[in-house]
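A.B. asks: coords please:
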Amino acid sequence: MKNLCTLLLFSLFSSFCFAQNATVVDKDRLFDLYQNQRYADAGVYLKSIFGDDTQDIKALTQIGYCFLMAGNNIEAEKYYSKAYQIQPQSLPILFSLGNISTKRGNNDKAKKYYSEIVKIDSNNFNVYKLLTNLYPSAKDSLRFVYLLKANQINPNEGDVAGDLAEVHSVFQNYDKAYEVLNIAIKADSENLVLQRAILPIANQLKKYQEVITSGERLMKDGTDAGVIKDVAKAYYYTKSYNKAIKLFSLLESLLMQNENTLYFTSLSFRYLKNYKMAAVYAKKTIDEAISPNTTSYYALLGLVYEENSQFALANSAYKKGLQFKANPTIYYRLATLYDTKLNQRKSALSYYHLYLKSKPNPEDDKDEIKFTKDRIAQLNITD
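C.D. replies: The predicted model follows:
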């Protein structure tokens, strides 16, 4: 394949070389540079032959191409821009400039060049596909417009079909999403990406048996958490609770469970009247739903309130944090809050003791630990 591409490049460039009346290009040298993928050297060589001020469109695009292939986007853009000034409606030049702009992170320029292509060729599938990539949010109206146009031109193309189905799903247009994917799957029945993508949509449309049949087949090709989840849900909705639990448990064994899968596991056990396990998974669902950082967030909120002299709110925030997880920092802050701000020494003493029992880090918290022990001794003497 590499040799074929090289021969094609050389064939194209041979016509370019012969077209130059006043300039002689060493075809053998150029061929050697291409064959060894020394594109930067090829670009420098062509610059030395034609010079920076050449107005020859073929020379400009060829030099630009060499630098583009070499990864020198600055030089590539320089020569393609010169070519653009001469032939502003050349699709290859516009595509190249759009590509370079995208690589350099200048999406606005890329949109400009691709939009010019649309004006010249309104049925160019590739340009619509490239434009969709410049609008990554599924909720962006322009992404939808370009995906829709690309899909209309080529409904069998899998990438566009998958992206368009995703946008339809975001807006809960599941019928349309299913139709788009179904057409593409019929055109490419071996496309596993599309087959996986259609499963959650089919579940939304209550095509449960289709999900089970297709999903079981897909699971034979490898472990995919999304497929397992979709098939498990289809079993749940068809009241095959034991099969659903088996698949949800598989996700858990692979550490691929989430709040949603644990919730459906709990529901499945409940419908089987296994209330003990239903309770276990209901608790797991709650734990999964709560961020491990929630306690820290409440500690921060309490500190902000305390620093703003909103002591009642600080007290409430600290205690709310303890509902999620015992935390030495919060115990210490509550102790000092009651001790120094609220003047409730009995409560302060209680929280100082809880702080020490929560096993603060002996190295990182040595100053707080020492203060706490000293303060406990003082408060005990006072009492």
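A.B. asks: list the buried ones in the helix or strand containing Ser316?
C.D. replies: Assigned by DSSP states H and E, Ser316 belongs to helix 311-324. Neighbour counts using 16 or more other C-beta atoms under 10 Å place Ala314, Asn315, Ala317, Tyr318, Lys320, Gly321, Leu322, Phe324 of helix 311-324 among the buried residues. (Each C-beta comes from the backbone N, C-alpha and C, glycine too.)
A.B. asks: okay, now the unreliable bits of the stretch 1-150 of the chain?
C.D. replies: 1-23 (pLDDT under 70).
A.B. asks: where along it do the helices fall?
C.D. replies: 2-19, 27-35, 39-50, 57-69, 73-86, 91-103, 107-120, 125-133, 141-153 (DSSP state H, counting those that start in this stretch).
A.B. asks: can I get the buried residues of helix 311-324 in TSV with pLDDT and distance to Asn73?
C.D. replies: Shown next, in TSV, are the buried residues of helix 311-324 (pLDDT from 0 to 100; distance: C-beta to C-beta, whole Å):
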residue	pLDDT	distance to Asn73
Ala314	95	54
Asn315	95	58
Ala317	95	51
Tyr318	95	54
Lys320	94	52
Gly321	94	50
Leu322	93	55
Phe324	90	49
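A.B. asks: so which of the residues you listed is the closest to Leu334?
C.D. replies: Of all those, Tyr318 has the smallest distance to Leu334: 4.9 Å, by C-beta to C-beta.
A.B. asks: now the angle from the helix or strand just after the helix holding Ser316 to helix 311-324?
C.D. replies: Next in sequence after helix 311-324, counting helices and strands by DSSP H and E, comes helix 328-336. Calculated by axes from the mean of the first three to the mean of the last three C-alpha atoms, to 10 degrees, helix 328-336 forms an angle of 150 degrees with helix 311-324.
A.B. asks: list the helices and strands helix 328-336 packs on?
C.D. replies: Contacts defined by 3 or more C-beta pairs under 8 Å, 6 or more residues apart in numbering; DSSP states H and E place helix 328-336 against helix 294-307, helix 311-324, helix 345-357, helix 366-382.
A.B. asks: and the ones you listed, which one is worst for confidence?
C.D. replies: Note on the helices and strands packed on helix 328-336: helix 366-382 shows the lowest mean pLDDT, a mean of 90.
A.B. asks: before we move on, the earlier item: and among the helices of the stretch 1-150 of the chain, the most buried is which?
C.D. replies: Sort these by mean neighbour count, taking mean count of other C-beta atoms under 10 Å, and helix 57-69 sits at the top with a mean of 22.
A.B. asks: pull that one out as PDB, backbone CA atoms only.
C.D. replies: The C-alpha coordinates for helix 57-69 follow below in PDB (Å, rounded to 0.1, in the frame of the first residue of the first chain):
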ATOM      1  CA  ILE A  57      -0.500  27.100  -8.500                       C
ATOM      2  CA  LYS A  58       0.900  23.500  -8.900                       C
ATOM      3  CA  ALA A  59       4.100  24.400  -7.200                       C
ATOM      4  CA  LEU A  60       2.400  26.200  -4.300                       C
ATOM      5  CA  THR A  61       0.000  23.300  -3.600                       C
ATOM      6  CA  GLN A  62       2.800  20.700  -3.900                       C
ATOM      7  CA  ILE A  63       5.100  22.500  -1.500                       C
ATOM      8  CA  GLY A  64       2.100  23.000   0.800                       C
ATOM      9  CA  TYR A  65       1.300  19.300   0.600                       C
ATOM     10  CA  CYS A  66       4.900  18.400   1.500                       C
ATOM     11  CA  PHE A  67       5.000  20.500   4.600                       C
ATOM     12  CA  LEU A  68       1.500  19.300   5.600                       C
ATOM     13  CA  MET A  69       2.600  15.700   5.400                       C
END
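A.B. asks: rewinding a little: would a markdown table of the helices of the stretch 1-150 of the chain with distance to Pro360 be doable?
C.D. replies: Listed next are the helices of the stretch 1-150 of the chain as a markdown table, based on distance: least, C-beta to C-beta, whole Å:
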| stretch | distance to Pro360 |
| --- | --- |
| helix 2-19 | 63 |
| helix 27-35 | 67 |
| helix 39-50 | 59 |
| helix 57-69 | 59 |
| helix 73-86 | 54 |
| helix 91-103 | 51 |
| helix 107-120 | 49 |
| helix 125-133 | 50 |
| helix 141-153 | 50 |
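A.B. asks: ok, back up a step: residues making contact with the helix holding Ser316?
C.D. replies: 290, 294-299, 301-303, 305-306, 327, 330-331, 333-334, 337, 341-342 (C-beta atoms under 8 Å, 6 or more residues apart in numbering).
A.B. asks: distance of the residue nearest in space to the middle of the chain from Gly98?
C.D. replies: Centroid-nearest residue in the chain, with C-alpha atoms, centre = their mean: Pro136, separated by 9.7 Å. Distance, Pro136 to Gly98, using C-beta to C-beta, to the nearest Å: 16 Å.
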